[in-house]
Structures are given as C-alpha cells and as structure tokens.
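Undergrad: sequence first, predicted coordinates after that:
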Amino acid sequence: MSVLFPKLNKPREWDYRPIYYDPEKEARKEKLARLHHGSFREEHEKNMSSMRAKQKSKLSFWIVLLLLVLVLYLFLR
C-alpha cells in the first residue's frame, strides 16, 4: 500500500498570534523587574505602611461602632 500511496508529511501551518499592548501586564513586568533589582525592602516598607493604615482605620471603625452601640443602649434602656 505504501508503494501506491506514499506517506507525505503535511507542511507546517502558519500559526501567527498578534501581540497586543496590555498596560496592566507591562506594569506587572516593570514591578517584577524593580523587585529583582534590589528594591524589595522599599516595596515591603510601602506594603507595611499601607497595612498599618488599614489596621488603624479598622480599629477606629470598631471603636466608633462600639460607642454608638453604648449610646443606643443607654438611651433606649
């Protein structure tokens, strides 16, 4: 059978995927490059300061909520 119909390999198909600009992906690459260049400490300090700010805001929220509950309890008692 192979004498009558020899097996021929198919030619490669053109597989082109265009590259589009993605600003978010570029920002991630830039941030990763900055981390690799030794600014890990700066990023860590920035993250820690934002974490402290979040903790302060949470604490103030719970204190205000507690005060409101106490005031409502005293007036509605």
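TA: Sure, I can see it.
Undergrad: of all residues in the chain, which one is nearest the centre?
TA: Note on the chain: the residue nearest the mean C-alpha position is residue 28, at 8.6 Å, using C-alpha atoms, centre = their mean.
Undergrad: secondary structure class for it?
TA: Per DSSP: H, G, I helix; E, B strand; the rest coil, the secondary structure class of residue 28 is helix.
Undergrad: tell me the buried residues in the longest helix along the chain?
TA: Identified as the longest helix of the chain according to DSSP state H is helix 40-76. Residues of helix 40-76 include none that count as buried (16 or more other C-beta atoms under 10 Å). C-betas here are computed from N, CA, C, even on glycine.
Undergrad: and it, average pLDDT?
TA: Across helix 40-76, the average pLDDT comes to 91.
Undergrad: send me stretch 51-64 as CSV with only the CA atoms.
TA: What follows is stretch 51-64, C-alpha atoms only, in CSV (Å, rounded to 0.1, in the frame of the first residue of the first chain):
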residue,chain,number,x,y,z
MET,A,51,-1.2,47.6,56.2
ARG,A,52,-0.8,49.8,59.3
ALA,A,53,-3.1,52.4,57.8
LYS,A,54,-5.7,49.7,57.2
GLN,A,55,-5.4,48.5,60.7
LYS,A,56,-5.8,52.0,62.1
SER,A,57,-8.9,52.5,60.1
LYS,A,58,-10.4,49.2,61.1
LEU,A,59,-9.7,50.0,64.8
SER,A,60,-11.3,53.4,64.6
PHE,A,61,-14.3,51.9,62.9
TRP,A,62,-14.8,49.3,65.7
ILE,A,63,-14.4,52.0,68.4
VAL,A,64,-17.0,54.3,66.8
